[in-house]
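1. The following comprises the amino acid sequence and a computationally predicted model.
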Amino acid sequence: MICQCCRSNRSLLLLSFSVIVGISHAFPASLPAQLVWKPPKLPVSSKPAEESGPSAQPFAAQPDGGGSGASGKTAILTSARQSSTNRGVRPASLAEPDSDSLIIEKAPELIIEKKPEGPEVIPTPEALSPEELPKQPYMFAPQIGDQMPPPEELLSEEGPIARPMPPFGACEPYSPCGPCGAYSGESELFRDGLGVCLINALSGFSFFAGIHGFKGPVDLGQNGNFGFHEGLNFGGPLGDPWGFGYQLGAQTVHSDLTGFRVDPSNGGPLDTNGRDQIFFTGGLFRRAICGGFQGGVVFDYVHDSYYDKADLQQIRSETAFVSPNRMWEIGYWGAYGLNRERFVIPTRPNEFVLLQPNDIFAVFYRRHFSGGGQGRLWAGATGAGQGIIGGEATVPLGTSWALENNFVYVIPKTSAANGGQAEEHWSVSINLVWYPGRAARSVFKDPFHPLFGVGDNSALLIRR
């Protein structure tokens with residue numbers, strides 16, 4: 001009986017040994033994954049804990065006896081762990097006391113630390129030479145006053161680019177006469193024509209011609225004047241270190257082309273010669289191109305050939321503050337008569353009138369337009385106590401041409417019934433102006449462009 005029990009135990013022990021050996025060979029080292037029991041609270045990348053305690057030896061001796069069998073199982077598991085360690089496989093227990101789930105876990109990969117690299121450098125193509133760049137037109141044709149930079153500064157890696165126009169009045173470093181100064185060069189009109197010498201000779205001039213209408217106390221309330229006029233104005237540097245300029249200008253005025261009749265109620269004769277006037281203006285000024293105070297003073301002279309002849313003179317002045325962006329100005333201008341002249345009325349040989357320039361005291365606001373040109377409105381009083389209002393504007397037309405106009409109205413102190421109509425004074429004129437070799441939209445950026453217009457019937461007002 002005892003022998004039979006021993007024989008049975010020996011068979012059971014051999015069977016258990018065969019199962020353990022089969023399990024150990026069922027998980028070769030070449031497989032990418034293992035069927036393992038996940039140990040509690042042990043990260044995958046952590047090293048296996050040392051084999052100690054009951055959890056590290058799950059197949060320790062069981063209480064059912066069989067000490068030799070338990071010892072054989074422990075030896076086999078220890079051998080399996082060592083072979084797994086040699087093969088680079090993380091050992092893990094096949095049984096957990098508090099878990100029954102199976103987890104497929106990949107073998108840990110080798111982690112190699114890399115040093116941080118700098119920013120990636122993307123190579124750029126080499127810049128092309130100006131000869132290799134494709135030719136492209138500018139956004140606008142450069143003219144004198146546009147103050148374009150040299151051609152090499154308009155090139156980019158992709159080809160020539162158009163430089164945007166700066167804000168009006170901005171100080172530009174590409175100006176040949178200084179960062180806040182004038183300009184030089186040539187316009188399209190002369191680029192292929194008359195040549196540089198003629199450009200230099202005419203670049204400071206402006207020529208104008210137009211139509212006008214005016215009426216004043218000299219007309220005795222019985223005649224109006226309409227006609228045509230033409231003239232020129234010139235400005236240039238004085239050569240001083242403070243940036244002053246000088247100006248000289250003249251114009252001729254032709255009115256009453258079909259004749260006039262003065263004092264017809266007393267049988268005044270018809271004069272078919274018309275009325276001719278010659279104006280001359282000259283003086284000094286200083287423009288504040290980059291903002292600040294500017295001003296000047298000029299001398300006006302007029303020779304008036306009407307039903308009598310007179311030569312009158314006055315002084316004109318202007319003082320203004322220019323905003324830093326050169327978009328607006330506010331200031332004062334005045335005119336002050338210097339002499340009197342006697343005018344004899346044809347129908348009254350024993351009577352004459354004393355004529356003199358009418359003093360003007362006015363404040364003004366001037367606005368510079370973003371597309372070039374400028375406008376001014378002003379109001380004030382005369383030396384005779386009359387109210388006066390006026391305005392002027394210059395608008396560019398094309399490359400070197402502009403349209404200039406002005407008006408003035410003197411408000412009589414007396415009513416029409418008391419002779420106010422004879423004392424009324426008004427003037428309107430429209431001019432077409434040509435700036436040889438210069439862009440019309442930029443002439444007012446030139447520090448030596450004349451500050452004053454040539455004297456006319458809206459700037460030199462005659463009163464009795």
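-> That came in fine, so what should we check first?
2. drop to CA atoms for contacts and neighbour counts, all remaining ones
-> Noted.
3. which regions of the stretch 201-350 of the chain sit below the pLDDT cut-off?
-> Applying pLDDT under 70 to the stretch 201-350 of the chain picks out residues 263-269.
4. same thing but 90
-> Counting by pLDDT under 90, the stretch 201-350 of the chain contains low-confidence residues at 201-204, 216-224, 257-274, 289-290, 306-308, 325-326, 342-350.
5. so where do the strands sit in it?
-> Using DSSP state E, counting those that start in this stretch, the strands found in the stretch 201-350 of the chain span residues 205-215, 225-237, 245-255, 260-261, 270-271, 275-286, 292-305, 309-322, 328-337, 341-345, 348-357.
6. Of these, which is nearest Asp446?
-> Among the strands of the stretch 201-350 of the chain, strand 225-237 comes nearest to Asp446, with 9.7 Å by CA to CA.
7. nearest spatial neighbour of Tyr460, skipping sequence neighbours?
-> Heads up, residue 460 is Leu, not Tyr. Pro357 (6.4 Å; CA to CA, 6 or more residues apart in numbering).
8. Tell me how many other residues surround the one you found.
-> A total of 24 residues lie near Pro357 under the criterion other CA atoms under 10 Å.
9. from memory it sits against Asp311, does it?
-> No - under the contact definition of CA atoms under 8 Å, Pro357 does not touch Asp311, with a separation of 10.3 Å.
10. Specify the beta-bridge partners of the residue nearest to Leu460.
-> In this structure, Pro357 has the following beta-bridge partners (DSSP bridges): Ile462.
11. gap between Gly282 and Gly453?
-> 10 Å (CA to CA, to the nearest Å).
12. So these two - more neighbours on which side?
-> When neighbours are counted by other CA under 10 Å, Gly282 and Gly453 differ, and Gly282 comes out ahead with 23 against 16.
13. pretty sure the more buried one is touching Gly296, no?
-> No - in this structure, Gly282 is not within contact of Gly296 by CA under 8 Å, at 10.7 Å.
14. could I get the strands of the stretch 201-350 of the chain as a markdown table with distance to Phe444?
-> Listed next are the strands of the stretch 201-350 of the chain as a markdown table, based on distance: least, CA to CA, whole Å:
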| stretch | distance to Phe444 |
| --- | --- |
| strand 205-215 | 12 |
| strand 225-237 | 12 |
| strand 245-255 | 13 |
| strand 260-261 | 40 |
| strand 270-271 | 42 |
| strand 275-286 | 12 |
| strand 292-305 | 13 |
| strand 309-322 | 13 |
| strand 328-337 | 12 |
| strand 341-345 | 37 |
| strand 348-357 | 29 |
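15. wait, which of these is closest to Gly420?
-> The closest approach between Gly420 and any of those, judged by CA to CA, belongs to strand 205-215 at 12.9 Å.
16. List the pairing partners of that closest one within its sheet, with orientation.
-> If you go by DSSP bridges, strand 205-215 pairs up with strand 225-237 (antiparallel), strand 425-434 (antiparallel).
17. if I pick Gly391, what's in contact with it?
-> Contact analysis of Gly391 by CA atoms under 8 Å, 6 or more residues apart in numbering lists 375-378, 406-408.
18. Just want to check the distance between Gly231 and Phe280.
-> Using CA to CA, we find Gly231 at a distance of 10 Å from Phe280.
19. who touches both of these two?
-> Taking CA under 8 Å, 6+ apart as the contact criterion, the residues that touch both Gly231 and Phe280 are 249-251.
20. and of those, the nearest to Ala209?
-> For these, the nearest to Ala209 is Gln251 (9.0 Å; CA to CA).
21. That closest one - how many residues pack around it?
-> Burial of Gln251 is recorded as 21 neighbouring residues (other CA under 10 Å).
22. which residues does it contact?
-> Taking CA under 8 Å, 6+ apart, we find Gln251 in contact with 229-232, 278-280, 454.
23. Quick check: bridge partners of the closest residue in space to Asn457 that isn't next to it in sequence?
-> Nearest in space to Asn457, with sequence neighbours left out and distances taken as CA to CA, 6+ apart, is Ser427 at 6.4 Å. Beta-bridge pairing for Ser427 (DSSP bridges): Phe214, Val408.
24. Give me the distance between Ser427 and Asn405.
-> From Ser427 over to Asn405 the distance is 11 Å, taken as CA to CA.
25. Spatially nearest residue to Ile278, not counting backbone neighbours?
-> Setting aside the residues directly before and after it, Ile278 is nearest to Thr252 in space (CA to CA, 6+ apart), at 4.6 Å.
26. In terms of pLDDT, where does Glu392 sit?
-> The score at Glu392 is 96. That number is its pLDDT.
27. Which of the three states applies to it?
-> In three-state terms, and counting by DSSP: H, G, I helix; E, B strand; the rest coil, Glu392 is strand.
28. need the contact list for the closest residue to it other than its chain neighbours.
-> Leaving aside its sequence neighbours, Glu392 sits nearest to Asn406 (CA to CA, 6+ apart; 4.0 Å). For Asn406, the contacting residues are 390-393, 428-430, 458, by CA under 8 Å, 6+ apart.
29. any chance you could read off phi and psi for Asn406?
-> Reported as degrees, to the nearest 10, the phi and psi values for Asn406 are phi -150, psi 160.
30. same question, Asp359
-> phi -70, psi 140.
31. Assess the claim that it and Thr382 are in contact.
-> Yes - counting by CA under 8 Å, Thr382 is a contact partner of Asp359 at 5.3 Å.
32. Which one of the two is surrounded by more residues?
-> Comparing Asp359 with Thr382 by other CA under 10 Å, the one with more neighbours is Asp359, at 22 against 19.
33. Show the pLDDT at the more buried one.
-> So Asp359 comes in at 96 (pLDDT).
34. now Thr319, nearest residue through space, not along the chain?
-> Distances taken as CA to CA, 6+ apart put Gly295 closest to Thr319, at 4.3 Å, once the chain neighbours are dropped.
35. So what pairs up with that neighbour in the strands?
-> According to DSSP bridges, beta-bridge pairing links Gly295 with Arg286, Thr319.
36. That one: what's it in contact with?
-> Counting by CA under 8 Å, 6+ apart, the residues that Gly295 touches are 285-287, 317-320, 451.
37. Can you check which of the strands of the stretch 201-350 of the chain gets nearest to Thr414?
-> Of all the strands of the stretch 201-350 of the chain, it is strand 205-215 that lies closest to Thr414, at 16.8 Å by CA to CA.
38. Run the angle between that closest one and strand 245-255 for me.
-> Strand 205-215 and strand 245-255 meet at an angle of 40 degrees, taking axes from the mean of the first three to the mean of the last three CA atoms, to 10 degrees as the criterion.
39. Other residues contacting strand 205-215?
-> Applying CA under 8 Å, 6+ apart, the set of residues contacting strand 205-215 from outside is 223-235, 424-436, 457.
40. Go ahead and build a PyMOL selection from the buried members of these.
-> Burial among the contacts of strand 205-215 is assessed by 16 or more other CA atoms under 10 Å; the matching PyMOL selection reads:
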select buried, resi 223+225+226+227+228+229+230+231+232+233+234+235+424+425+426+427+428+429+430+431+432+433+434+435+436+457
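41. Kind regards, and thank you for your time.
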